[in-house]
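# following is a predicted model, sequence given first.
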Amino acid sequence: MVVGVVTWELHLAGCQSLKDKRQILKSLKDRLHDRFNVSVAETAHQDKWQRAELSCCVVATDRRQAQSVISTVDEFVAGNPLARIIDSATSFV
């Protein structure tokens, strides 16, 4: 069993309030969970309007499968026009 984790630092340029931020992040987290069957959580910067940290986790049978899912999820987040990736980190256990 392999656990893959990717963490993104995001800039949410269009947010004018925490409510705006929550809408964008909830939509993104729900789509990631529904489409890729991964767990996603906001892990930092909860009180900042235009900044967020999301962490995504996948459990797979082998490292290759975990890397494939993490790579696909990363491309999906990078393609989101409402959230720009500032930094990301990936690890496998």
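All right, it came through fine. As the structure is a prediction and not an experimental result, all values here were calculated from the model.
# only C-alpha atoms from now on, for both contacts and neighbour counts.
Fine.
# which residues does the residue nearest the centre of the chain contact?
Residue closest to the average C-alpha location in the chain (Cα atoms, centre = their mean): residue 54, at 4.4 Å. Residue 54 makes contact with 7, 8, 9, 10, 40, 41, 42, 43, 44 under the criterion Cα atoms under 8 Å, 6 or more residues apart in numbering.
# now list the buried members of those.
Among the contacts of residue 54, those scoring as buried are 7, 8, 9, 10, 40, 42 (criterion: 16 or more other Cα atoms under 10 Å).
# okay, and the beta partners of the residue nearest to the centre of the chain?
Taking DSSP bridges as the rule, residue 54 bridges to residue 8, residue 42.
# in terms of pLDDT, where does it sit?
The score at residue 54 is 97. That number is its pLDDT.
# contacting residues around the helix or strand residue 34 falls within?
Using DSSP states H and E, residue 34 maps to helix 18-36. For helix 18-36, contacts defined as Cα under 8 Å, 6+ apart pick out 12, 15, 38-42, 47-50, 69, 73, 77, 82.
# how about it: buried residues?
21, 22, 24, 25, 28, 29, 32.
# how close does the fifth one get to residue 66?
In this structure, residue 28 and residue 66 are separated by 20 Å, where distance is defined by Cα to Cα, to the nearest Å.
# tell me the secondary structure at residue 90.
strand (DSSP: H, G, I helix; E, B strand; the rest coil).
# OK, contacts around it?
Here residue 90 is in contact with 4, 5, 6, 7 (Cα under 8 Å, 6+ apart).
# ok, these vs residue 93, which is closest?
residue 4 (6.6 Å; Cα to Cα).
# beta partners of that closest one?
Beta-bridge partners, per DSSP bridges, of residue 4: residue 58, residue 92.
# is it true that it touches residue 57?
Yes: between residue 4 and residue 57 there is a contact at 5.6 Å, judged by Cα atoms under 8 Å.
# tell me the secondary structure at residue 82.
coil.
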